[in-house]
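Chemist: Provided below are the primary sequence and the corresponding predicted coordinates.
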Amino acid sequence: MKVLVFGSINIDLLYSVDHIVKPGETISSSLFAKSAGGKGANQAAALAKAGLPVYMAGKIGTDGKFILELLESYGINTGRVIEYGGATGQAIIQIDKNGQNSIILYPGGNEEITIQEVQETIAGFDPGDIIVLQNEIVHLKLIMEIAKKQNMRICLNPSPFNEKITLLPLNLADWIFVNEIESSALAGLTPDTSPQDSLEKLTELYPSSEIILTAGKDGVFYGFGETRLKNDIVKVPVVDTTAAGDTFTGFFLTAREKNMPIQQSLSIACKAASITVSKKGAMESIPFADEVFE
Ligand code: RIB
């Protein structure tokens with residue numbers, strides 16, 4: 001079994017600020033760092049650090065080569081990452097004093113992937129292999145359709161959520177990972193809907209998908225068929241929440257592929273995410289398997 005992460009690769013530009021800048025305001029940052037990120041690359045890192053064989057696919061400029069080196073240092077096969085003449089995607093991230101973030105994305109190479117590149121990338125994967133997708137690259141619908149035709153299992157994290165998501169064949173996904181904001185939007189409910197109610201609606205709308213809903217301090221919720229589970233988060237001092245969701249996705253999938261029960265997999269993923277939020281940065285703050293699995 002192989003895992004293909006077809007997703008974004010971003011240069012993260014991190015600014016520590018007292019509070020997220022308001023309209024018309026100019027504020028100073030107490031710390032700046034440039035680091036490796038992108039939801040796709042972070043999830044690939046989490047899956048590989050957790051112990052699965054991972055292939056990364058995406059598109060970068062020469063400015064993003066340091067990210068490939070880092071992915072390779074985690075044992076990830078980067079042979080399907082295409083280099084082009086333009087810029088790598090960028091994420092401008094403000095982190096406030098409570099560790100909460102706010103992100104501006106510049107797509108760069110993530111939106112330069114062509115249909116032919118999509119077709120060539122997925123060829124060669126086998127039935128039962130997993131493809132992991134987020135919403136920071138183009139051609140997601142086509143990718144999902146080709147992957148399903150090849151009988152790959154599809155893991156979708158529809159993040160960041162926008163109107164493009166509603167046009168996707170979500171019923172093809174074997175796993176859908178959402179946070180509380182994405183879950184109510186996807187379920188067509190108001191933003192103040194409880195995670196439990198959003199989960200019920202999503203299990204009804206997508207009965208062949210396992211729904212995993214992360215709800216911040218309220219914990220994580222799981223729904224599939226008649227099964228409903230909940231797990232509390234591991235409380236730690238929060239330094240930076242960036243990549244917490246990516247870590248959760250990578251460790252939950254890995255634990256399930258290692259045949260761990262669902263409840264234990266939720267607990268493992270919560271523990272991994274708690275380590276990520278206790279450090280600054282995205283990909284580099286994701287823990288390795290020996291820090292998480294007992
Ligand atoms: O999920 C965190 C990631 O979102 C960051 O690394 C940033 O690149 C954005 O894509």
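Modeler: Received it, and whenever you're ready, just let me know what you need.

Chemist: so which other helices or strands are in contact with the lengthiest helix in the chain?
Modeler: The longest helix of the chain (DSSP state H) is helix 262-277. In terms of contacts (3 or more Cβ pairs under 8 Å, 6 or more residues apart in numbering; DSSP states H and E), helix 262-277 is packed against strand 220-224, strand 227-231, helix 244-257, helix 289-292. Using the backbone N, CA and C atoms, a C-beta is placed for each residue, glycine as well.

Chemist: can you pull the contacts of Thr190?
Modeler: With contact set as Cβ atoms under 8 Å, 6 or more residues apart in numbering, Thr190 has these partners: Ser184.

Chemist: actually, Tyr222.
Modeler: Neighbour list for Tyr222: Glu210, Ile211, Ile212, Leu213, Arg228, Leu229, Lys230, Asn231, Ile262, Leu266 [criterion: Cβ under 8 Å, 6+ apart].

Chemist: separation between it and Phe248?
Modeler: Counting by Cβ to Cβ, to the nearest Å, the gap from Tyr222 to Phe248 is 12 Å.

Chemist: give me the element the spatially closest residue to Pro169 that is not a sequence neighbour is part of.
Modeler: Excluding its sequence neighbours, the residue lying closest to Pro169 (Cβ to Cβ, 6 or more residues apart in numbering) is Met144, at 5.7 Å. Using DSSP states H and E, Met144 sits in helix 140-149.

Chemist: other SSEs contacting that helix?
Modeler: Against helix 140-149 (3+ Cβ pairs under 8 Å, 6+ apart) you get helix 115-122, strand 130-134, strand 153-157.

Chemist: now tabulate these in JSON lines and tack on mean neighbour count and mean pLDDT.
Modeler: Shown next, in JSON lines, are the helices and strands packed on helix 140-149 (neighbours: other Cβ atoms under 10 Å; pLDDT from 0 to 100):
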{"stretch": "helix 115-122", "mean neighbour count": "16", "mean pLDDT": "96"}
{"stretch": "strand 130-134", "mean neighbour count": "26", "mean pLDDT": "98"}
{"stretch": "strand 153-157", "mean neighbour count": "23", "mean pLDDT": "98"}
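
Chemist: who wins for proximity to Gly109 among these?
Modeler: For the helices and strands packed on helix 140-149, the distance to Gly109 is smallest for helix 115-122, at 10.8 Å, taking Cβ to Cβ.

Chemist: buried stuff in the longest helix of the chain?
Modeler: Neighbour-count burial for helix 262-277, counted by 16 or more other Cβ atoms under 10 Å, picks out 262, 265-277.

Chemist: nearest to the ligand among the residues you listed?
Modeler: Set against the ligand, the nearest of those by Cβ to the nearest ligand atom is Thr276 (9.9 Å).

Chemist: excluding chain neighbours, what is closest to the residue nearest in space to the middle of the chain?
Modeler: In the chain, the residue lying closest to the centroid (Cα atoms, centre = their mean) is Asp246, at 3.8 Å. Leaving aside its chain neighbours, Asp246 sits nearest to Asn42 (3.7 Å; criterion: Cβ to Cβ, 6+ apart).

Chemist: ok, the closest residue to the ligand within the stretch 51-200 of the chain - contacts?
Modeler: Nearest residue of the stretch 51-200 of the chain to the ligand (Cβ to the nearest ligand atom) works out as Ala91 at 3.4 Å. Going by Cβ under 8 Å, 6+ apart, Ala91 touches Asn10, Ile11, Asp12, Leu13, Gly37, Gly38, Ile103, Ile104, Leu105, Tyr106.

Chemist: which is the succeeding secondary structure element to the helix or strand containing it?
Modeler: Assigned by DSSP H and E, Ala91 belongs to strand 89-95. For strand 89-95, the following helix or strand on the C-terminal side (DSSP H and E) is strand 101-106.

Chemist: quick revisit: filter the contacts of Ala91 to the buried ones?
Modeler: Applying 16+ other Cβ under 10 Å to the contacts of Ala91, the neighbour count classes Asn10, Ile11, Asp12, Leu13, Gly37, Gly38, Leu105 as buried.
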